[in-house]
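Peer 1: Here is my input, please return the structure:
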Amino acid sequence: MNRTKLKNYAPQARRDFIQAVTDRAAFYGLAANKTEPVIEQGDVAIISGRAFPRSVVSKRQSLIGRIERQGFQQTIEAMAYTWFNRFVAIRFMELHRYFDHGYRVLSHPENKQTPEILEHAEYVELPGLDRDKVIELKLDGAKEAELYRMLLVAQCNALHAAMPFLFEKIDDETELLLPDNLLHSDSLIRRLVREIDEEDWGQVEIIGWLYQFYISEKKDEVIGKVVKSEDIPAATQLFTPNWIVKYLVQNSAGRMWLQTYPDSPLRSKMEYYIEPAEQTDDVKAQLAAITPAIIDPETITVLDPACGSGHILVEAYDLLKEIYLERGYRLRDIPRLILSKNLFGLDIDDRAAQLAAFALLMKARADDRRIFDGVTGRRGDGANETQSAIINVLAIQESAHLNVEQLASDLLNAPAQPKPMIDDGRLFSDFSAQPVLALESTKAAKAVDPTTARLQASISNLLALFRDAKTFGSLITFPDDVARELPAIADAVNERLQSGNVWERPTAETILPFVQQAAILAGKYDCVIANPPFMGDKHFNEELKKFQKTKFKNGKSNLFSAFIIRGVDFTKANKYTAFVTPFVWLFISTHESLRQWVIDSTTISSLVKPSYTAFFEVATVQFVAFVLQKSKVGLLGDYFDLGYLGSADAQPIRLREAITNKEAGSPVIPVAPTISCGRLSIVSRDWLVSFLL
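Peer 2: Okay, the predicted model is just below:
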């Protein structure tokens with residue numbers, strides 16, 4: 001893959017898409033500081049002297065509402081990003097021949113300027129496509145742009161059934177901002193096709209690199225400042241090199257499988273797997289006691305709580321597929337099982353989550369051509385639907401703009417109640433009795449039966465929990481009372497979705513995303529694997545600073561340190577947390593309490609310290625990759641220092657050599673022990689994690 005070309009293309013593409021969407025908004029009379037009025041005359045709407053179909057008015061008003069909530073520039077950037085993601089997705093699918101009609105949508109296999117689908121428009125069958133209109137425009141000969149726009153919208157709407165997370169049905173404000181002039185020689189589509197070689201689209205990994213380079217200029221704009229909530233993704237996201245991802249996945253999920261099945265052929269397929277050191281008899285006995293005798297592949301759960309574009313989840317998919325095949329499952333049955341039962345991802349960035357879900361679906365499509373049939377979103381209660389592939393990758397949504405009490409009231413058709421009680425950290429204290437008791441003080445509440453009153457209060461509390469969710473993301477934790485009420489809330493939402501009245505059903509649709517993300521956030525997982533966001537507290541906004549101090553006292557100085565604690569919290573007892581983070585937590589005084597917490601709460605089973613060049617294309621921070629087991633056993637761990645390497649490409653080779661030397665009995669590359677007060681000391685092969693007081 002020519003990453004240099006991707007790096008050159010994506011930042012300019014971001015600027016071009018933003019400009020194209022801005023121009024399109026201006027076409028409908030919308031600008032940063034001005035909104036042109038609309039004059040409705042019969043079936044026509046007049047905006048800035050131009051006549052539009054009256055149907056434009058409702059879509060435009062929806063767009064204005066979004067601009068009022070989020071701001072003009074943020075809305076434009078989000079829309080630009082969405083269309084960029086869609087074009088990238090279509091480009092990947094057309095080159096992998098995933099379209100049933102068989103034609104390319106953005107390009108031509110013979111390198112013609114005209115997209116292949118336009119050339120054969122009269123033969124294209126897509127749901128909702130007006131065939132007579134297509135033929136009329138085709139015969140006209142002068143309306144290719146209008147015809148192509150119609151075909152492109154129809155293709156996006158056809159993909160809605162399989163990928164609603166990326167291709168919302170285009171009958172809303174999104175359609176208004178579909179960029180114009182797409183057939184021009186210098187259009188957004190032509191540049192995408194021209195500037196990235198076709199062979200580079202062979203692996204779905206390209207999605208992650210495009211995402212990383214697309215946001216690179218935004219990262220430069222916000223880095224080093226106090227970061228606003230909407231800019232946290234750009235300031236903190238970093239694409240993880242494939243060899244580090246493999247190390248994390250193979251030494252967590254792979255290690256868990258091999259502990260139960262030491263003779264598994266999976267061992268020979270994991271090039272970065274570190275064979276555990278020989279343990280003492282006492283440690284062997286401890287490990288035997290916590291190692292299950294059998295593992296059902298369908299019960300293995302892997303979470304990436306900061307999934308970005310999905311690189312870790314994609315690698316986990318490959319490993320899980322090998323496990324299923326080893327157990328005799330049919331290949332065509334495996335993708336739906338992995339998507340529905342094994343893999344979970346969360347991110348605060350809507351566009352990143354879109355790409356992560358898309359990348360996983362493309363992995364599944366390579367193994368099962370039927371996967372597009374019946375793909376759906378995750379149900380509120382987390383249950384699987386028959387013959388449906390449920391993609392458990394979500395963008396965390398926040399409720400700051402919602403009237404949570406009114407939503408709870410509308411869902412249950414009950415009187416609205418007082419606001420839920422929130423503590424200083426913007427999360428709930430023990431409110432197990434408080435909401436119901438509070439209801440007793442209102443005359444309206446007395447008419448509500450206790451069961452409904454409690455459920456109503458629980459819904460309000462759940463929604464209020466996500467007030468600043470775009471800031472706190474996966475760090476949000478659930479009081480036991482909220483977690484216990486989740487099944488009842490999910491039942492209420494799903495019931496209204498199926499049989500609710502005219503206000504209950506849309507209310508349920510509004511609440512559903514919060515129930516879905518709550519189900520994942522409240523879960524426990526066998527393996528939690530992540531490259532979490534990193535940002536020092538001097539760049540925190542006030543909400544985040546207060547939250548960190550209140551909820552993560554041992555990890556308050558940086559986002560990544562809080563994520564380490566939250567990652568272990570997500571993890572089931574005796575299972576694995578695998579992270580790559582800045583390496584400073586190993587030794588600087590700021591992180592001393594975190595080190596003590598790690599030592600007291602976990603066992604470090606392995607650790608790799610890459611060179612500064614590991615992330616050379618996107619960062620110069622030195623990182624460390626490590627795997628924690630959520631148990632306290634006297635395990636002999638393995639630790640590798642790759643030293644300074646001038647080339648990032650040399651590091652995976654260096655690690656493989658070190659692993660091979662270790663297995664051959666040769667000395668491994670050690671992490672030099674530190675000697676300063678309060679520093680974490682690690683010596684290869686020997687368990688030595690101590691504080692020199």
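Peer 1: CA atoms for contacts and neighbours, from now on please.
Peer 2: Will do.
Peer 1: Which residue ranges make up the domains of this protein?
Peer 2: Here the domain parsing of the chain from automatic domain parsing is 3-202, 242-395+524-663, 404-467+479-512.
Peer 1: quick one, which of those is nearest to Gly473?
Peer 2: domain 242-395+524-663 (5.7 Å; CA to CA).
Peer 1: Show the contacting residues for Cys527.
Peer 2: 252-253, 301-303, 571-572, 575-578 (CA atoms under 8 Å, 6 or more residues apart in numbering).
Peer 1: Let's have these in TSV, adding secondary structure.
Peer 2: Formatted as TSV, the contacts of Cys527 follow (DSSP: H, G, I helix; E, B strand; the rest coil):
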residue	secondary structure
Ser252	helix
Ala253	helix
Thr301	coil
Val302	strand
Leu303	strand
Thr571	strand
Lys572	strand
Lys575	strand
Tyr576	strand
Thr577	strand
Ala578	strand
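Peer 1: before we move on, which element is the spatially closest residue to Thr22 that is not a sequence neighbour in?
Peer 2: Excluding its sequence neighbours, the residue lying closest to Thr22 (CA to CA, 6 or more residues apart in numbering) is Ile76, at 6.4 Å. Assessed by DSSP states H and E, Ile76 sits inside helix 72-95.
Peer 1: ok, and for that helix, which residues are buried?
Peer 2: Buried residues in helix 72-95, defined by neighbour count with 16 or more other CA atoms under 10 Å: 72, 75-95.
Peer 1: Could you tell me the average pLDDT over it, please?
Peer 2: In this model, helix 72-95 carries a mean pLDDT of 92.
Peer 1: same check, this time on stretch 291-311
Peer 2: 95.
Peer 1: Tell me how far the residue nearest to Thr22 lies from Asn403.
Peer 2: In this view, Ile76 and Asn403 are 25 Å apart by CA to CA, to the nearest Å.
Peer 1: And for Asp347?
Peer 2: For Asp347, the distance to Asn403 (CA to CA) stands at 24 Å.
Peer 1: Neighbour count: those two, which is higher?
Peer 2: More crowded of Asp347 and Asn403, by other CA atoms under 10 Å: Asp347, with 26 against 13.
Peer 1: Would you mind measuring from that one to Leu320?
Peer 2: Taken as CA to CA, the span from Asp347 to Leu320 is 22 Å.
Peer 1: can you list the weak-confidence ranges in the stretch 151-300 of the chain?
Peer 2: Applying pLDDT under 70 to the stretch 151-300 of the chain flags the ranges 169-173, 218-239.
Peer 1: try the chain
Peer 2: Using pLDDT under 70, the chain drops low at 169-173, 218-239, 374-389, 414-448, 536-539, 613-620, 645-646, 663-693.
Peer 1: same thing but 50
Peer 2: 225, 234-236, 375-388, 421-446, 669-693 (pLDDT under 50).
Peer 1: can you pull out the strands in it?
Peer 2: 30-31, 34-35, 38-41, 44-47, 50-53, 302-304, 343-347, 393-395, 525-530, 571-582, 603-609, 623-629, 638-641 (DSSP state E).
Peer 1: Nearest to Ser409, out of these?
Peer 2: Closest approach to Ser409 among the strands of the chain (CA to CA): strand 393-395, 25.6 Å.
Peer 1: Tell me, how many residues neighbour the residue nearest to Glu116 when sequence neighbours are not counted?
Peer 2: Using CA to CA, 6+ apart and skipping residues adjacent in sequence, the residue nearest Glu116 is His108, 4.8 Å away. His108: 18 surrounding residues under other CA under 10 Å.
Peer 1: likewise Leu586?
Peer 2: The number of residues near Leu586, taken as other CA under 10 Å, comes to 18.
Peer 1: Tell me how far it lies from Val621.
Peer 2: Applying CA to CA to Leu586 and Val621 gives a distance of 14 Å.
Peer 1: re earlier: so who does the residue nearest to Glu116 touch?
Peer 2: So His108 contacts 114-116 (CA under 8 Å, 6+ apart).
Peer 1: cutoff 10 Å now
Peer 2: 94, 114-119, 193 (CA atoms under 10 Å, 6 or more residues apart in numbering).
Peer 1: quick one, phi/psi of the spatially closest residue to Asn181 that is not a sequence neighbour?
Peer 2: The shortest distance from Asn181 to any non-neighbouring residue, by CA to CA, 6+ apart, is to Ser187 (6.4 Å). Main-chain dihedrals, Ser187, degrees, to the nearest 10: phi -70, psi 170.
Peer 1: Switch the strands of the chain over to a markdown table; also include distance to Ile207.
Peer 2: Shown next, in a markdown table, are the strands of the chain (distance: least, CA to CA, whole Å):
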| stretch | distance to Ile207 |
| --- | --- |
| strand 30-31 | 31 |
| strand 34-35 | 36 |
| strand 38-41 | 40 |
| strand 44-47 | 38 |
| strand 50-53 | 37 |
| strand 302-304 | 17 |
| strand 343-347 | 16 |
| strand 393-395 | 16 |
| strand 525-530 | 18 |
| strand 571-582 | 20 |
| strand 603-609 | 26 |
| strand 623-629 | 23 |
| strand 638-641 | 30 |
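Peer 1: thought the residue nearest to Thr22 was touching Ala25?
Peer 2: Yes: at 8.3 Å, Ile76 counts as touching Ala25 under the criterion of CA atoms under 10 Å.
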